[in-house]
Every structure is written in structure tokens, then in C-alpha cells.
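Chemist: Just need the structure, nothing else, for what follows:
(chains A, B, C, D and E)
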Amino acid sequence: MLLKKNIPFKYVFGKVKYEILVVFLYGTTIALLYENYHDIRISIPIAVPTVLGTVLSLLLGFRSNQAYDRWWEARHIWGAIVNDGRTLTRQLLGFVKSSYDGDGAQQLCDRMVRRQIAWNYALAQHLRGQSNPRELRKYISAEEYEYVTSYTVVPSGLLEMQSQDLTKALDEGWINTFQQVEIDRTLSRLCDSMGKCERIKNTVFPATYSLYIHFTLLLFIGLLPFSLIDYFGYVEILITVAIAVSFSLIEKMAIHLQDPFENKPTDTPMTTISRNIERDLFQMLREKSIPEYKKEDAFYVM
Amino acid sequence: MLLKKNIPFKYVFGKVKYEILVVFLYGTTIALLYENYHDIRISIPIAVPTVLGTVLSLLLGFRSNQAYDRWWEARHIWGAIVNDGRTLTRQLLGFVKSSYDGDGAQQLCDRMVRRQIAWNYALAQHLRGQSNPRELRKYISAEEYEYVTSYTVVPSGLLEMQSQDLTKALDEGWINTFQQVEIDRTLSRLCDSMGKCERIKNTVFPATYSLYIHFTLLLFIGLLPFSLIDYFGYVEILITVAIAVSFSLIEKMAIHLQDPFENKPTDTPMTTISRNIERDLFQMLREKSIPEYKKEDAFYVM
Amino acid sequence: MLLKKNIPFKYVFGKVKYEILVVFLYGTTIALLYENYHDIRISIPIAVPTVLGTVLSLLLGFRSNQAYDRWWEARHIWGAIVNDGRTLTRQLLGFVKSSYDGDGAQQLCDRMVRRQIAWNYALAQHLRGQSNPRELRKYISAEEYEYVTSYTVVPSGLLEMQSQDLTKALDEGWINTFQQVEIDRTLSRLCDSMGKCERIKNTVFPATYSLYIHFTLLLFIGLLPFSLIDYFGYVEILITVAIAVSFSLIEKMAIHLQDPFENKPTDTPMTTISRNIERDLFQMLREKSIPEYKKEDAFYVM
Amino acid sequence: MLLKKNIPFKYVFGKVKYEILVVFLYGTTIALLYENYHDIRISIPIAVPTVLGTVLSLLLGFRSNQAYDRWWEARHIWGAIVNDGRTLTRQLLGFVKSSYDGDGAQQLCDRMVRRQIAWNYALAQHLRGQSNPRELRKYISAEEYEYVTSYTVVPSGLLEMQSQDLTKALDEGWINTFQQVEIDRTLSRLCDSMGKCERIKNTVFPATYSLYIHFTLLLFIGLLPFSLIDYFGYVEILITVAIAVSFSLIEKMAIHLQDPFENKPTDTPMTTISRNIERDLFQMLREKSIPEYKKEDAFYVM
Amino acid sequence: MLLKKNIPFKYVFGKVKYEILVVFLYGTTIALLYENYHDIRISIPIAVPTVLGTVLSLLLGFRSNQAYDRWWEARHIWGAIVNDGRTLTRQLLGFVKSSYDGDGAQQLCDRMVRRQIAWNYALAQHLRGQSNPRELRKYISAEEYEYVTSYTVVPSGLLEMQSQDLTKALDEGWINTFQQVEIDRTLSRLCDSMGKCERIKNTVFPATYSLYIHFTLLLFIGLLPFSLIDYFGYVEILITVAIAVSFSLIEKMAIHLQDPFENKPTDTPMTTISRNIERDLFQMLREKSIPEYKKEDAFYVM
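Modeler: Numbers count the residues shown, from 1 in each chain, chains lettered A, B, ... in the order given. Reported below is the predicted structural model:
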């Protein structure tokens, strides 16, 4: 997630440097031809690119909106993951009867909460296509690590282990059927959140949609110099570049928003969220030593 | 689902080749008449198609948005199917008491998970209007196959068999009433997902909506050459074709997005999703031999 | 619901024939006055109707969207009715213990499923303001028919009878409290769907909204000839009519979409859906003789 | 709620009469100055108000949409209130065991249903800022009336009394815990609906949003005569008034839609809905004497 | 939340005073250069800024819509908090059996309701980044205050204490398992609402989105004087400023709406809502002395 401040000019410029170069060369070529070869002068009324500009504006507007919705949905899902992590912990602490068989029940709660912390990190890495995180080794036993990494979708394996521990708690009489079902619903919601993230990750934004908008944008920029050259001469180049950059940046912005799990600065800040969950759940467990992370001095958080 | 890369030019071109031809001939005719029969020259100010262009842009914008919503809803539903498949399996493994009557309960779980895998394939084929898939024969018994294919909606029959097995599990004491109701809710959600897919499949996008937009598009393209001919002469033909292609492609795109279960490259990738569910559920069952599918080298996945 | 194909030209033309006539006469009058009485010639720049055209396009765009949402919500609700009908049947077959008191329990299930089939038809007719359908007499007893038709909202009476049968099933011990509550939830959802349909039916689309858009449309069409007459002379009439028809058709389309229960070709196809539910539920009951309906050869289904 | 027909012209005209007067005087002043003082003639190209007209159209479009959403949400909530009233009654009739202690249980059901009817009327009056309705005295005892009117939010007090009766029913053994919780959920939904109505009522539509749109509208209308005067002379006044009325009406419409509980003709028809609930619930109770209300002959229902 | 009336001109003006100054100076410079150095006169057709104006209008329109959605979602969440506070209280009063062990159970209810009141204030302060409110000390014991302030997220600690009291009530037999789970669900919803507020608070509105729109706005305003100077001379300055202010105000408005928890006049009125909840819950407890707050005479409520 990009922060509000200090976004370096270089970062923004880097997004459109090739576009600027190409449009600059294109505009210059048109201007040179126009000024030097008077016989083949073509000039079109500005109303023609205006019609294209209107349909393009609308499509970019709707597309930005849809991209924004994907991005906001991704953030919604991770918000739900935070909530369900807290709810799971509160339910474990509130439902499991630790009085009867102190140690076992207490350990089970502890193990499940730690596994939940690991789950967040594992999901973040899985979505970003990275290998298994250190936190996975840290918060689950070696045996469990072995088992869980045999899954294609590691967080799915972790959830199944949560379910097994829940069954165990029922068998031991630490919770009753009613409470088992209730905690299982929380697990189902976590499973749903995982599935929703995968849906966003794996569903390509309709390729034809992107393609046809891009085609219309090219057509629009291609016609622009012809309708400006008459008024401006060489100044046309600057205006063409400025307008092209405006439209291109908005197209880029939509492209970044629509894919929020790509290990880029515009990502959903999954690592930061996972760390916050880690801190909150440890505080609920009244754990003394909570891992601290130093703030990085960047224009984005991951 | 079209992939991001390698969409062949031929595919895109094929969508609008007739439109290009017709608009080309129409534009040429206008230009020839205009140049040769000076008496009947008609030229209209470009502001007239601009007004139409604005309303057309807006309607295409909203329509693309609605088509996109249908497409995204279809993907949502299949995302929910993935999640509920996993949840069903987790609940079966967690709830069914295999200790009392190991074999029977174990077999029942196994049978239900396999039937769930078959259900996904069956639903995909049903929506695409294809005959029953190989996977149906593979994952359910011959007897069940016989019974289930007597249904008009095959996946509906499969769900009913799941329900019967659940009742059996309750009668045998493998689950309690409370757990039966909870698993039944998962089945209800799967039933809902199936119904939602059928709703999208069977509901024609409002025919008058499509028709009137198409009529306005024709009127717009029809007026275009008259307002361009004055400035450009024969070059008008190219510009008319380019603008007509822009608008037509966007109309086509909406048409493809709005019908996501038509056995076309723009479909929801139901087969791929079904295979992923197959793999995930088998991993949860700790099945050794998971069927593998070789990646096809296409610009889309089905 | 209009089908994709074969919508007769007459149907579309019939929607706007009066508009065409009036605009034609209006345009002709303006043209005649303009050509013959040179002293009172009024001509306005085309930019004036363009401003109105823009706000009109946007309002028509948003309004079409809202009308579409009402239409799609209506379809959603009937999709939910299909799903809940299936779920109710599956729950009855799965929950009711027929082993203890075979006949009574079996009959109760059968009666409730048939009543559910009748409910769909009754709801469809109630929304369309028609009298009680044949299917009501066919699927419920004469006594029940007597009772149920004393209700202002017939389907509401049917749901209450479902609830009474459920209480009876509990009293007889055929289901337990837990299962009663679960089936009652399905009835609540059906009750909700009924209420949602009534909400759409009884809520007039904001009258001022329609009125003011219509006023702006009239103003726009009224100004149009004055801004075209200068360029075209008598050809103005044709173009005015064409543009007026474009905008009017879109307004009409929104009006049809926004009221989906009016016994018109653009209706939600409630009869067809009710028949599909009838077929599906009978297949679940393993009923032998399922009523068949011959396909009508129309450009719409009801 | 305004009905579709017979909206008097006076009503619509009354909404914008001051606007018409002011714009008329303003336009006349400009025209007089322009015609008589040739030295200070200012004329601006029509493209300037067009740019403002575009952004204004868009903002009015989005704002109408948001106002419509508030209005439609209000209607949704009252639709949910209808459904939950029916569901509550069905649950009471279906769950409460009247066989054991006929009189007491029967009376409790009756009392709760009547209180639910009173609740609708009380909520409607509370939202409209009116004093307590007759129906409150009619359907609850004097004692309860005394108690309930000590609440700032009267319907909230009624719901609490429902909850107390529910507890009593549990204590008496007329319902079991499971059924108590289920009926309590229906009460929670009614409590939610009440809170949602209050949210819409108490949340001012963002004041800056309204203000800045109004400012842009004034700027747009202010510039309009200067860009028309050149072409039309005194006819400019009429066109300015017509366009100003178009835009103003749309702004007014949004203002009415966004506040649906203001005791105005554009309100959600809460009284009518409450009467329908009264009729439906009495029919479910098999009450003989259902109050009838004569239809008023107005262009709106309250 | 800004109220409808009495928004001081100073407040609105203060939002754009720097913009006005800068645009004024810029416009003046252009005008001076244009009038005095005839050799370097640059004038561009107004259609160029019109194209930019259209895309800008659309992006501002969509962005206002998204900002409005965030603002409205924030208000939704606090509406849900009101409802769940009432529901929690109703459930506690209805479910907890005070007859068996009057004092203890009664005290527990009382303590939990007061803690819920404190929770609202604590959440409001937490979101606004303020220190712990007086109400926290007032409504929870010193001991609990000590414990709860050790949490990074104070309201999270309060919820956990609610959960502990619930477990105690179950252990003491004041509620049964079924009722515990039901009240726990209300706590889960409150936990969800807290998480949703944090999501809105912590998620920066996509920085690139804001940035690129701002860039396009600058480009648009930068080009504006060049296209107006030809017609107006020095009057250009006024019109440029007026249009720039129109667009800037709309951009500002979106910026305020998108961040509803910033301790500014445009905030969600969390303090006012918390006070209303305090009053309502005390009335439900039949508390005699309800704290009263005098109405402040401001143009906004916090």
C-alpha cells in the first residue's frame, strides 16, 4: 500500500516513461512531416478525438471503478481475516473449559492461536507466490510443518489442523458440540476469506476489456496530433504528450489496483496486517514477549 | 477465461470482421456518391453524431458495467463453490466420529467427498449444456450414476444423495442432530450456488436494452461519414471504420462478459476450478494418487 | 422475459409510434414555418441542445441502471425462491423420520412439497393481479383452498399452513426442535422473498424522477429542430425523429425494466420458473407422472 | 410516496417557482444591459458553460444515484419490517405450545402480535417526529403505554417488552430455549431495522457535497446568459430559464429522495405499510374485525 | 458531521484559499504576458481543455462516489454498533436468570451494559487517535481500567472482558450454552464493527488515484487561461478562478468524505452517537440518573 506522503517522482515517472518517449517521437514525426511536406498535410477537426475522448473517459471511469472495487474487496477480506482471528481467539479463551484439565486445554488454545498467527503469514506468502515464511516454522511444530507443506495450498492445511484440534477438544470434553459448531463457523469464515483472496488472485481482469480500452486509447492518441497541429505547430508535441500521460496514468492506476496481491508497492499490506494480528492475539493470550518490528522508512508498506 | 498474454490478433479481429467490411463498404459508397454526384451532397455538422456519441458512450459504459457484474458474480459463485467444497470436507472429517464404527463412517466420508468432486464437474457440464462428464462415472458408483442421470438437473440429484447419506450418518449415530443441521447448511449453500448459476445462465440480458443500444450505435455510425466527408474526402472511410471498430469491440466485449457459461474462451474457467477442487479435497483426504492434468498451451483456460 | 431472437419489429415500433408521429409533425411544422416565414426565423447553436443532451444522457444512464437493478433484483428473488423450494424439499426428505410412523410422516412431506409448488404459482398470480390459479386447486385440498383464499395475500396463508404442519410434525415427534427451527428458517426466507417481490411491485419508481427526466427530454427534443434547421432544411425532420426515437426507446426500456411484475412480455418469467420448480420437486419426490407443458412459439416467455 | 398519476402541475411548479423568478429577473437584467449599454457587452463562448455543464451533469447524476440509494434503502428496511412482522407472528403461532396452558399462552401470543402492530405505527410516528399515535393506546394496555412513553425512542421500549414476554414464555415452559433464541433473532432484526431507519433519518447528506454542487450550479446558470445573448437577444431569457429549471428540478428531486422520513408527500409510505401489516397479522390471528381504512383521493400516500 | 445549516462561509473559503491565490496569480501572469508581449502569444482552442474536462469530470464523479461510499460505510458501521449495543442489552436482560442468584447475576448485567457504554467512547477515541476518555474511568472499575489500557487497541480489551463475564455467567448457570453462543455472536458483530472501522481508518485511499486526478486537474487548470485569453482579456482571470474553485472544491469534498475518523468537523459523529447509546441503554436498565449533555451551538457535531 502506497502511503499518502513521499511518493517519489521517480516512481510515478517510471510508470509512464516509455509512453512519454513513444508519444514524443510520434508527435515530433507528425509535426516534422506537417511542416516540411505541405502536400500531404492532414488535419482533422478536434471534434473527432473528442468523441473518442468521451467514450474513452467513460470506459476508463468505469474501469477505474471496477479496479477500485477489486482492491477494496481485497482490503475487506483482510479486514475480515483480522476480525475472525480475534473472534477465534476470544471464542477459544471463552469456550474451552480449562478448569477440568488445565494443562491440555490451555496448551490446545495456545497452539491454535499460534497456528492462526502462522496462517496469516502463510496466506500472505501464498498469495504473493513466495516460499513459506519464517513465521511458519516459528509458530508451528516441526512435525506440523512437515505435514502442512505437503499441501499445494499451505494455509488450507493449517485450517484442517485447526479443525482436528477442535475435534480433539470435543472428544476430551473441553468444549461441547454446540461450541464446536460455533468455532467451526469461524474457521469456515477464514476458509471463505482464503478462497476469496484466491479468486481475486486467479481471476484475470477481463482481457478483452483491457485490450479494447487500450486500443481505443491508442486510436485517440494517434488522432490527437492531427487535430492539434493546425493550431500549435511544434507546441502540439507538448500538449499531445501531456494529454497522453494523463490518460495513460489513469489506465496504469487501474491496472495496479485490480491486482492487489502481486508483491508490488501497490499491494494490500498483508505483512503489516499479519504483524498487527500477531500483536493483538499475543496481547489476548497475555503473552509477555511480543515480537517488535522496526518501522521502515519507505513510501509504502507491504 | 482469456489469459493476459498471447491473445491472437486473429481472435480479436474475428470478432469484428463483418462489421469492418460493412462499415468499409458503407463509408466508400458515401464517399463515392459525395465526390461524384455534387447535387445531392449532404453534410452534417459533427455536433450531431457527438450528441449521439455521448448518450451511446454512457449506455455502453453502464452496460459494460452490468455485463462485468454478471461475469464477476459468476466468478463469485464459483469461488463460493470452492470454499463450500473445502468446508464440507473439513466438516465431514471433523464431525463424523470414525472411532465408533471405523469402516462405515470412514467410507461414508470418502463417498461424500468424491461425490462432491463429481458435483463440480457435473455442474460445469450442465451449465455448458454438455453431456455428463467422465468424472461422474469415475467418482460415483454405477448405481448412483443410473439414479442421478434420471434428473433433469444432474447436480441437484447428487446433492439429494449427499442429503440421504447425511441422514444415514445421523441414524447410525456418527453425527448428532446439531452437526447434521450444520452440514446441511453447507449443502444448502451449494444448492444456492447451483441455483445462482442457473439464474445467470437462464436469464437473457434484457433484450430491449441490447437492441436499443445497437440501434443507437447503428444510427451513430450511419451519420458519422456525413459529418466527416466534408473535411477528409476518402480518408473519411478509414476514420469511420476505426471509430466504428472501437465502439463495436466494446459492445462485443459486453456481450461476451454477460454470458459466462457458454462454452466459449471467455467462459468462467469451470473445468480448471473443478480440477483444483479435486486436487485440494484429495489432499485433505490424504489420498496418494491425485490425478494430474497437463497444462495446455492456449490463450485461454476453460 | 423477452427472448434473444425473433422480437418482431412491430413490437419495438409499437412502443414509440406515437412519439414518432408527434415529433414528425412538430419537426415538419418548424421546417415549414422556417422556410416560409423568413421574418420569424429562429436558429440556435447546436451547443445548447448538446448541454441538455449531456445531462439527459447521464440521467438516462443512471436511470437505466436503477431500472436494471430492480429487474435484476426481481430475478434474484425468484432465483432464491427456486433454491429455497429445493432446500425445503431436501430438508423435509432428510429430516422427517418416516420410519416411526411411515404413513403420516410420508403424507405430511408430500403435502408440504405440493403446497410449496402451489405457493409459487399463487405468488406469481398474486403479483400479476390475476385470480387464483388452477394449480392452487390441484395441489391443495378443497378445505385448505377455502381457508387460504380468505387471505388478502394468498401465498401468506399457504406459508402459515406450512408452519402449522411443521408444528404438527414436531408434536408427533417426526422432527426435533432443532430441525423445526431449521426448516422454519427456510420458510422465513420464502416469506422474505414474497415480501421483497411485494416491495418491488408496490413501490412506484420515484415519480418526480421519471417526470423531470421526461421534462428534460421534451425540452431537448423541442430545441433540437431549431439547431438543425439551419444546416439541413427539410432533412432536419428525419434527423430529429431519429434522435428522438433513440432517446425515447431508452426511456421506454427503463420503464419496462423497472416494473417486472406487470403481466407484460418484459415480465420476470414467473410461470416458467414455477413450472421448473414443479418438475424439480416432483423428481425429488420420485413422482412418476410429471406434468408436461408444450413450448409456445413466442418471442417471450411468461 | 408520490403515485404515478395525477401529480398536480401546481406541486411541481411550486418546487421551482422562486428559482424561475430569480433566473428570469437575472436573464432580463443581462439582456437589458447588453442591448442598451453597448460598451460593456460581455459575451463568452458557449464552450465555457459546457465544461461546467459536463461536470455538473456528472455530479447531479451521481448525487441522484446516491439519493435514490438512500430512498431505496429506506424502502428495503420497511420491506424487511413487513417480513419480520409476519415471521414473528408465524413463529409465535408455530412455536408456542398452547395445549399445556391454553389461556395464558394464547393471550401472550395475542398480546405480542398486537404490540408488533403498535410498534410499526410507533416507529413511523417517531421517524416523522410526531407524537404517539392512537394505535399505540389501542393495541397496548394503559400500563404498558405509561411505561413505554418514558422512553426517548418509544419503539425501543416496545421491543424490550416483547423480549420480557419472551422470557416469560420460556419461564412458563411455553417455548424452549432454542425457540426463544430463534424468536429473539427476529426481534434483533426488527431492532436492526429500527436502527437503520434512525441512521438514515439522523445522517445529514454530506453538507459540503450539496453545497459545492449548488455553487457549481449557480456558476453555470450565472454564465449561461452571457454565452447565449449573442445569438438570441431577448429569447435568451426563455432558454436560460428552461435550462435552469431542468437542472434545478433534478437537484430538488435528489433532495427529496435523500430524506425519506420527513412527513412530506415524497416520504416512504409508512402509514400505508403499517396498515397492511395490521391487516395481514390480524388475518393470521384469524381475527374477525379488521379495521378498514377508506382510500383517500390524493396524488400521494403517506 | 456538518449540519445542514449555518456552515460559515469562512469554513468553505478556508478550504480553497491557497488554490484561489495561486490560480489568480497564474491567470494574471498569463494575461499580462499575453497583453504585453505580442510575439509569444499562445492561444489554444477551448476544445483541448474540454477533452481534459470530460475525463476529469468523470474521474471526480467516480471518486466522489467512492469517497461517499467510504463515508456511508462508516456511518453504517456505527449504526450497526448502536443496534448491537441495544441487542446486547436486551439479550442480557432477557436471557440471564436473575431469579436464582439475584445479586450476582443482576450485577453482571449491569457491569456488562456499562462496559458496553464505555466501549463506544473508547472506540471513538481510539479511531480519532486521542487518549482514553473520561467515560472509560467512569464506567469500568479501576482494576479493569488498569488491565484494559495495557492493550494497544483498548476496545479489543473491553470486548475480551465481556467474553470473560459471559463465561462466568455460564459457569454460574445464569445462562445456558445456547444463550452464551447467541450473546457471543453479538460480541462477534461488535468485534467485526471495530475491525471495519480500523480498516477504513488504516487504509489510505489509493494514493496514485488521488495523485493522477490531481495531476490532470493541474493540467486542466494550466491550459484553461490559454484557451480563454483570446475571448476575454483580463476577464479571463475571473472565469479561470471560478472554474478552478468549482473543480477544487469537489476534489476537497471527496478528500474529506473518504476519511471519516480524523477528528475534523466532517467526521462521523461518534461522540454524539455514543451519548445516544448511553442514554438508550440506561433507559433499558431503568437507571434513574442519566447524564445529560448540553447542546453546543456549532455548525457541526462530533
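
Chemist: what secondary structure does the residue positioned nearest the centre of chain A sit in?
Modeler: Nearest to the mean C-alpha position of chain A, counting by Cα atoms, centre = their mean, stands A:Pro260 at 1.9 Å. Reduced to three states with DSSP: H, G, I helix; E, B strand; the rest coil, the structure at A:Pro260 is coil.

Chemist: Average pLDDT for stretch A:5-24, rounded please.
Modeler: Averaged across stretch A:5-24, the pLDDT comes to 84.

Chemist: And stretch A:176-195, by the same measure?
Modeler: Mean predicted lDDT for stretch A:176-195 stands at 90.

Chemist: The residue nearest to the centre of chain A - nearest residue in space that isn't next to it in sequence?
Modeler: A:Ala74 (4.0 Å; Cβ to Cβ, 6 or more residues apart in numbering or on different chains). Placement of C-beta: from N, CA and C, glycine included.

Chemist: Tell me who's in contact with the one you found.
Modeler: Listed by Cβ atoms under 8 Å, 6 or more residues apart in numbering or on different chains, the contact set of A:Ala74 reads A:Cys197, A:Ile200, A:Pro260, A:Phe261, A:Thr268.

Chemist: Can you tell me how far it is from A:Thr272?
Modeler: 14 Å (Cβ to Cβ, to the nearest Å).

Chemist: about what we covered before: what's the spacing between the residue nearest to A:Pro260 and chain D?
Modeler: As judged by Cβ to the nearest Cβ, to the nearest Å, A:Ala74 and chain D stand 24 Å apart.

Chemist: host element of that residue?
Modeler: helix A:47-95 (DSSP states H and E).

Chemist: Show me what the helix or strand following that helix is packed against.
Modeler: The helix or strand immediately downstream of helix A:47-95 is helix A:102-127, counting by DSSP H and E. Helix A:102-127 sits against helix A:47-95, helix A:134-139, helix A:154-171, helix A:177-202, helix A:270-284, with contacts defined as 3 or more Cβ pairs under 8 Å, 6 or more residues apart in numbering or on different chains; DSSP states H and E.

Chemist: Report the distance from the longest one to the chain centre.
Modeler: So the one you mean is helix A:47-95. How far helix A:47-95 lies from its chain's middle: 9 Å, per Cα atoms, centre = their mean, to the nearest Å.

Chemist: quick one, that helix and helix E:154-171 angle?
Modeler: 40 degrees (axes from the mean of the first three to the mean of the last three Cα atoms, to 10 degrees).

Chemist: how many degrees apart are helix A:47-95 and helix A:102-127 in direction?
Modeler: 170 degrees.

Chemist: State the mean pLDDT of helix A:47-95.
Modeler: 89.

Chemist: In contact with A:Leu123, which residues are there?
Modeler: Shown in contact with A:Leu123 (Cβ under 8 Å, 6+ apart): A:Ile81, A:Pro155, A:Met194, A:Cys197, A:Met270.

Chemist: What's the separation between it and chain D?
Modeler: For A:Leu123, the distance to chain D - Cβ to the nearest Cβ - is 32 Å.

Chemist: Could you list the residues of the stretch 201-302 of chain A in contact with chain B?
Modeler: Residues of the stretch 201-302 of chain A lying near chain B by Cβ under 8 Å from any Cβ of the partner chain: A:Thr203, A:Val204, A:Pro206, A:Ala207, A:Thr208, A:Tyr209, A:Leu211, A:Tyr212, A:Phe215, A:Thr216, A:Leu219, A:Leu223.

Chemist: out of the residues you listed, which are inside helices?
Modeler: When DSSP state H defines the helices, the subset of these inside them is A:Ala207, A:Thr208, A:Tyr209, A:Leu211, A:Tyr212, A:Phe215, A:Thr216, A:Leu219, A:Leu223.

Chemist: Ranking by neighbours, what's the top pick from these?
Modeler: A:Tyr212 (25 neighbours; other Cβ atoms under 10 Å in any protein chain shown).

Chemist: What is the burial count for the closest residue to that residue other than its chain neighbours?
Modeler: Among residues not flanking A:Tyr212 along the chain, B:Leu249 sits closest, at 4.3 Å (Cβ to Cβ, 6+ apart). The tally of other residues near B:Leu249 (other Cβ under 10 Å) stands at 20.
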